[in-house]
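Peer 1: Provided below are the primary sequence and the corresponding predicted coordinates.
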Amino acid sequence: MRPKLEDVAKHANVSKTTVSRVLNNRGYLSQKTIDKVNQAIEELNYQPNVVARQLYNKKTNIIGLLFPTIANPFFGELSEALEKKLYEKGYKVLIGNSMNDSKKESDYLNQLLSEQVDGLIVGTHNQGIQEYKYQNLPIVAIDRVMNEDIPVIESDNYQGGRFATKELIEQGAKNIIHTNGPSELETPAKRRRIAYEETMKEHDLIPNTITLDFNIPYQEKKKIFYDLFETYPDVDGIFASNDMDAALILQVAKEKHIRVPEDLLLVGYDGTLMTRSILPDLTTIIQPIDEMAEIAIDILMKRINKKETEKEYILPVKIWRGKTSKKDSYK
């Protein structure tokens, strides 16, 4: 039988209130008492129901954000938009960077819940984490499928995939490669791959998707792109799953003396303001980050207030046409 708070109190020879104060880091307690309670928790393998505590405690006006890394321009701009909009609504923000590590994500999730945040907005890649399985938990996901109960805010990944692939085909590319995440990952971004493969087949072209693990270090990913050009010397178009990969492909192509767009056409995905400022020539699919943040907050407020929400919210994308997808742009 799973130990209860009362069992911890009895084992440590303290009151239930004292155990609760240790768990919530509230009020003054001697280090001796804290150590005694923590030892009892460890010996009994007690797992505090942080989700239940969060749901039934008073409102704190704090929202937790959990993303892979805000060093990624997409998540950086998304976090900024969310923080600004939440501040205007009277909320403070706590941010955790999971770095695609499931253990770190679980630790951050429990830390955020133990801070008694009113809700969570997540965009992490990991699934199967127990806390996400609680029904009616005030969580909203952005471009990630966490479980059947958590609503997802996303851009139109399928349409974005079609825009990118058609752009390359219409500019004359025939041997087009698409880079994407692992096929087993449950994320709406998989629809980019589906759109790419279907569009290629509609034009009697052979699709070729290269899967990349999100945890690959920079140098390893760079080597994969080097090997890509060696393995597929006839490649004349690449649809990269994100702008960071597209930027790295541009770097590798330059080092291998492959001219873009003369020899290789390239389209990225995300289209952040930062990317369009630093790489204005990169053709990319623009995700509506500001609108995604706005709707994510609106849906989270409904979840916090126990209102009904849809399972999925899909927002339109646009294409930013730079020089990397136009063969005649260098003339």
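Peer 2: Arrived safely. Owing to the predicted nature of the structure, the values given are computational and were not obtained by experimental measurement.

Peer 1: distance of residue 200 from residue 309?
Peer 2: For residue 200, the distance to residue 309 (CB to CB, to the nearest Å) stands at 36 Å. In short, each C-beta sits where N, CA and C put it, glycine included.

Peer 1: give me the element residue 313 is part of.
Peer 2: strand 312-315 (DSSP states H and E).

Peer 1: Paired strands for that strand, with orientation please.
Peer 2: Here strand 312-315 is paired, per DSSP bridges, with strand 152-155 (parallel).

Peer 1: Quick check: next helix or strand after the strand holding residue 313?
Peer 2: Taking DSSP H and E, what comes next after strand 312-315 is strand 318-320.

Peer 1: pLDDT averaged over that following strand, what's the number?
Peer 2: In this model, strand 318-320 has an average pLDDT of 97.

Peer 1: can you pull the buried residues of that strand?
Peer 2: 319, 320 (16 or more other CB atoms under 10 Å).

Peer 1: for it, packing partners?
Peer 2: The helices and strands touching strand 318-320, judged by 3 or more CB pairs under 8 Å, 6 or more residues apart in numbering; DSSP states H and E, are helix 157-170, strand 283-286.

Peer 1: again, 7 Å this time
Peer 2: The elements that strand 318-320 packs onto, with contact taken as 3 or more CB pairs under 7 Å, 6 or more residues apart in numbering; DSSP states H and E, are strand 283-286.

Peer 1: Give me the contact list for the helix or strand just after the strand it packs on.
Peer 2: Using DSSP H and E, the helix or strand that follows strand 283-286 in sequence is helix 289-304. For helix 289-304, the external contacting residues (CB atoms under 7 Å, 6 or more residues apart in numbering) are 77-78, 81-82, 85-86, 118-119, 121, 138, 140, 142, 151, 153, 155, 272, 309, 313, 315.

Peer 1: List buried residues within the residues you listed.
Peer 2: Those of those that meet the buried threshold are 77-78, 81-82, 85-86, 118-119, 121, 138, 140, 142, 151, 153, 155, 272, 309, 313, by 16+ other CB under 10 Å.

Peer 1: Show me where the stretch 51-200 of the chain has its strands.
Peer 2: 62-67, 92-97, 119-122, 139-142, 152-155, 176-180 (DSSP state E, counting those that start in this stretch).

Peer 1: Pick out the shakiest of these, pLDDT-wise.
Peer 2: Among the strands of the stretch 51-200 of the chain, strand 92-97 scores lowest, with a mean of 84.

Peer 1: Okay, now the sheet partners of that one, with direction.
Peer 2: Taking DSSP bridges as the criterion, strand 92-97 forms sheet pairs with strand 62-67 (parallel).

Peer 1: between the partner strand and helix 289-304, how many degrees?
Peer 2: Calculated by axes from the mean of the first three to the mean of the last three CA atoms, to 10 degrees, strand 62-67 forms an angle of 130 degrees with helix 289-304.

Peer 1: May I see the buried residues of strand 62-67?
Peer 2: 62, 63, 64, 65, 66, 67.

Peer 1: which intervals of the chain have sub-threshold pLDDT?
Peer 2: 1, 25-27, 49-58, 98-102, 104, 108, 111-116, 125-137, 184, 328-331 (pLDDT under 70).

Peer 1: where do the helices sit along the chain?
Peer 2: Taking DSSP state H to define them, one finds helices in the chain at 5-12, 16-24, 31-44, 50-56, 73-88, 102-114, 157-170, 190-202, 218-231, 243-255, 273-278, 289-304.

Peer 1: buried set for the third one?
Peer 2: Buried positions in helix 31-44, judged by neighbour count with 16+ other CB under 10 Å: 33, 36, 37, 40, 41, 44.

Peer 1: what's the closest of the residues you listed to residue 245?
Peer 2: Taking CB to CB as the measure, residue 245 lies nearest residue 41 of the buried residues of helix 31-44, at 43.7 Å.
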